[in-house]
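[1] fold the following, please.
(2 chains)
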Amino acid sequence: MAAFLDRSRSIAGPGFSRWLVPPAALCIHLCIGQAYAFSVFNKPLAQLLCAAQHACPPAAAKVISTTPGDWTIANLGWIFSLAIVFLGLSAAVFGRWVESAGPRAAMFASASLFCGGLIVASFGVNLHMLPLVFLGYGVIGGCGLGIGYISPVSTLIKWFPDRPGLATGTAIMGFGGGALIGAPLAVALMKYYSSPTSNGVAATMLTMGLIYFVFMMVGVLLVRVPAPGWKPAGYVAPVTSAHMITTRNVTATEAIKTPQFWLLWGVLFLNVTAGIGILGQASLMVQDMFAVTAVAAAGFVGLLSLFNMGGRIFWASMSDFMGRKKTYMIFFGLGAVLYFLIPWTKNIGSLGLFVLICCIILTMYGGGFATIPAYLRDMFGTVEVGAIHGRLLTAWSCAGVAGPVLVNYIRQYQIAHGVAKADAYSVTMIICAGLLVVGFICNYLVKPVGEGHYVADLAAGAKAAT
Amino acid sequence: MAIETKDPSLTVKLLLAWAWVGIPLAWGVWVTLNNALKLFQAPAP
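    Purely as a prediction, here's the structure:
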């Protein structure tokens, strides 16, 4: 098994098609993207005891459970937050290992951790031990998320030197698409396993862990790394660096000493934090601003997920033609204007315009995730791009904490001070627009990396990577 | 960008690999789109 996972065993032979690598990457990202749909478990998890005692309040009631000992939604929220924090931490810590061990071993580790985490969490649910759920899904599963997220990135960039944005965008689109599969799958399984004394969450998590493990193993079997010196037919590698695309390499250790890394960290952090400003309160916002039903609001959240996914492949592919810097200029420039316009859509009572604006914003939220690996490749070269990407993902972890705080506390503060619910979002939207203006400045300041940071040659860079 | 393959078995492998990821994704998109349509339907009286 260890030999099979070895990087040397996954070098592509003659006749291998590079178009097998994106589906391999999607096998991983479509599964770990389930994390975005974790909220589908929140209500059933908060009703484990009352369900067993047939004492749950009716669906229309404002209280989820009145049974002593049932978990609260606030406590359950930590499961997702922990998973995102450990996603960033594990990507940062294990980034260099992912580069040296190769995608096959990294994908296997991701599958074992993510699915193992789901199974541990299912035991935690079965025993009604919340710390075990935190450990399973949040810590162990979170590490699987981080390793899985970065595992195919540098491999795809090496297979598609001519279209790095398209290649990494395809994989990272899968992370967005994972929620579209994970949510209905979980709902269907909970329905199947529910009984008079259980809502079926534990069995659902266990089953999903097993299904996802099989699905991810197909990716492990499919993935290959290109042979040294391989190039796509007809592709001529540029000999000299273009203005914002280097042909040389910076190691991960050296990259974090550059202002470019921290500017791009800020770019990702601000784009994600502002995006959470919409995503984190989408359901409540559309209900409060336009008085739609909870079912319609759930449909709106689903629509946002679709545009989040579509934006990942669209913008990352476009960035191959427009350049990364210009692409982010659009995200931040257009995004800031659109955030300013959201309160106005309420004033004119246009639900359609509100939905359109939110959907465009969500394409740029997803696009920000999907375009950043190619941006890093342009700035720092290909040798340690996966490890550098891993370290940059700590920005996501920080935004995962800062975003909900920004959204929830500002809204609560305003409502507590007498602002009408429907108007409580205006300040949040204006702050989000302000964040994007700061992001615009960060992106504007990104310049090519200084001479002193590059490794002497590619061979040295490859040596430094191992 | 053409997919560079003349080997029939490789073509089958490519089709199977893309179907393996494409079918679940298409199902997820379909379910989500159906739910999203409820946003634009008039609420029940």
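[2] what residue is smack in the middle of chain A?
    residue A:175 (5.9 Å; CA atoms, centre = their mean).
[3] wait, a helix at that one?
    Yes: counting by DSSP: H, G, I helix; E, B strand; the rest coil, residue A:175 is located in a helix.
[4] can you tell me how far it sits from residue A:87?
    10 Å (CB to CB, to the nearest Å). Glycine gets a C-beta too; all of them are placed from N, C-alpha and C.
[5] quick check: closest non-adjacent residue to residue A:245.
    The shortest distance from residue A:245 to any non-neighbouring residue, by CB to CB, 6 or more residues apart in numbering or on different chains, is to residue A:378 (4.5 Å).
[6] mind listing what the closest residue to chain A within chain B touches?
    Using CB to the nearest CB, the single residue of chain B nearest to chain A is residue B:28, 3.3 Å away. Applying CB atoms under 8 Å, 6 or more residues apart in numbering or on different chains to residue B:28 gives the contacts A:177, A:179-181, A:183-184.
[7] how about 6 Å then?
    Contact analysis of residue B:28 by CB atoms under 6 Å, 6 or more residues apart in numbering or on different chains lists A:180-181.
[8] give me the pLDDT for it.
    In this model, residue B:28 is scored at 94, pLDDT.
[9] what about it, distance to residue A:111?
    To residue A:111, residue B:28 is 20 Å away according to CB to CB.
[10] hang on, the residue of chain B closest to chain A in a helix?
    Yes: using three-state DSSP, the assignment for residue B:28 is a helix.
[11] number of nearby residues for the residue lying closest to the residue nearest to the centre of chain A once chain neighbours are set aside?
    The shortest distance from residue A:175 to any non-neighbouring residue, by CB to CB, 6+ apart, is to residue A:33 (4.1 Å). Counted with other CB atoms under 10 Å in any protein chain shown, the neighbours of residue A:33 add up to 27.
[12] thought residue A:33 was touching residue A:178?
    Yes: counting by CB atoms under 6 Å, residue A:33 touches residue A:178, with 1.8 Å between them.
[13] for the residue in chain A that chain B sits nearest to, what are its contacts?
    Nearest residue of chain A to chain B (CB to the nearest CB) works out as residue A:180 at 3.3 Å. Listed by CB under 6 Å, 6+ apart, the contact partners of residue A:180 are A:305, B:28-29, B:32.
[14] state the distance from the closest residue to it other than its chain neighbours to residue A:159.
    Closest residue to residue A:180 apart from its sequence neighbours, by CB to CB, 6+ apart: residue B:28 at 3.3 Å. Note on residue B:28: its distance to residue A:159, by CB to CB, is 26 Å.
[15] now swap in residue A:116 and tell me
    Relative to residue A:159, and taking CB to CB, residue A:116 is found at 29 Å.
[16] which one's more surrounded, the two?
    residue A:159 (27 against 17).
[17] so how far is whichever strand or helix holds residue A:123 off the chain centroid?
    According to DSSP states H and E, residue A:123 maps onto helix A:103-127. Once both centres are worked out by CA atoms, centre = their mean, to the nearest Å, helix A:103-127 turns out to sit 18 Å from its chain's centre.
[18] ok, and what's touching that helix?
    A:5, A:10, A:28, A:32, A:98, A:132-133, A:136-137, A:140-141, A:143-144, A:147-148, A:151-152, A:155, A:201-202, A:205-206, A:208-209, A:212-213, A:216, A:219-220, A:223.
[19] try it again with 7 Å
    A:5, A:10, A:28, A:31-32, A:45, A:48, A:98, A:130, A:132-133, A:135-137, A:140-141, A:143-145, A:147-148, A:151-152, A:155, A:201-202, A:205-206, A:208-209, A:212-213, A:216-217, A:219-220, A:223, A:225 (CB atoms under 7 Å, 6 or more residues apart in numbering or on different chains).
[20] helices - which of the residues you listed land there?
    Mapping the contacts of helix A:103-127 onto helices (DSSP state H) picks out A:5, A:28, A:31-32, A:45, A:48, A:98, A:130, A:132-133, A:141, A:143-145, A:147-148, A:155, A:201-202, A:205-206, A:208-209, A:212-213, A:216-217, A:219-220.
[21] not including adjacent chain positions, what is the nearest residue to residue A:277?
    Here the residue nearest residue A:277, using CB to CB, 6+ apart, is residue A:432, at 4.0 Å.
[22] state the mean pLDDT of stretch A:335-355.
    Across stretch A:335-355, pLDDT averages out at 94.
[23] tell me which residues in the helix holding residue A:123 are buried?
    Residues of helix A:103-127 classed as buried by neighbour count (16 or more other CB atoms under 10 Å in any protein chain shown): A:103-122, A:124-126.
[24] next, the angle from that helix to helix A:141-150.
    150 degrees (axes from the mean of the first three to the mean of the last three CA atoms, to 10 degrees).
[25] only the buried residues of stretch A:366-385, if you could.
    So stretch A:366-385, judged by 16+ other CB under 10 Å, has buried residues A:366-385.
[26] got the CA positions of that stretch in CSV?
    Extracted C-alpha coordinates of stretch A:366-385, given in CSV (Å, rounded to 0.1, in the frame of the first residue of the first chain):
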residue,chain,number,x,y,z
GLY,A,366,-16.1,31.6,-5.5
GLY,A,367,-13.9,33.0,-8.2
GLY,A,368,-11.6,34.5,-5.5
PHE,A,369,-11.0,31.0,-4.1
ALA,A,370,-10.5,29.4,-7.5
THR,A,371,-8.2,32.0,-9.0
ILE,A,372,-5.7,32.3,-6.1
PRO,A,373,-3.7,29.1,-6.9
ALA,A,374,-3.0,30.4,-10.4
TYR,A,375,-2.1,33.9,-9.0
LEU,A,376,0.4,32.2,-6.6
ARG,A,377,1.8,30.2,-9.4
ASP,A,378,2.3,33.5,-11.4
MET,A,379,4.0,35.2,-8.5
PHE,A,380,6.1,32.3,-7.0
GLY,A,381,6.5,29.7,-9.7
THR,A,382,5.4,26.1,-9.7
VAL,A,383,7.9,24.2,-7.5
GLU,A,384,6.2,24.8,-4.1
VAL,A,385,2.9,26.4,-5.2
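[27] and the strand or helix carrying residue A:326 with chain B, contact?
    Secondary structure assignment for residue A:326, by DSSP H and E: helix A:324-347. No: judged by CB under 7 Å from any CB of the partner chain, helix A:324-347 and chain B are separated, with a smallest distance of 14.4 Å.
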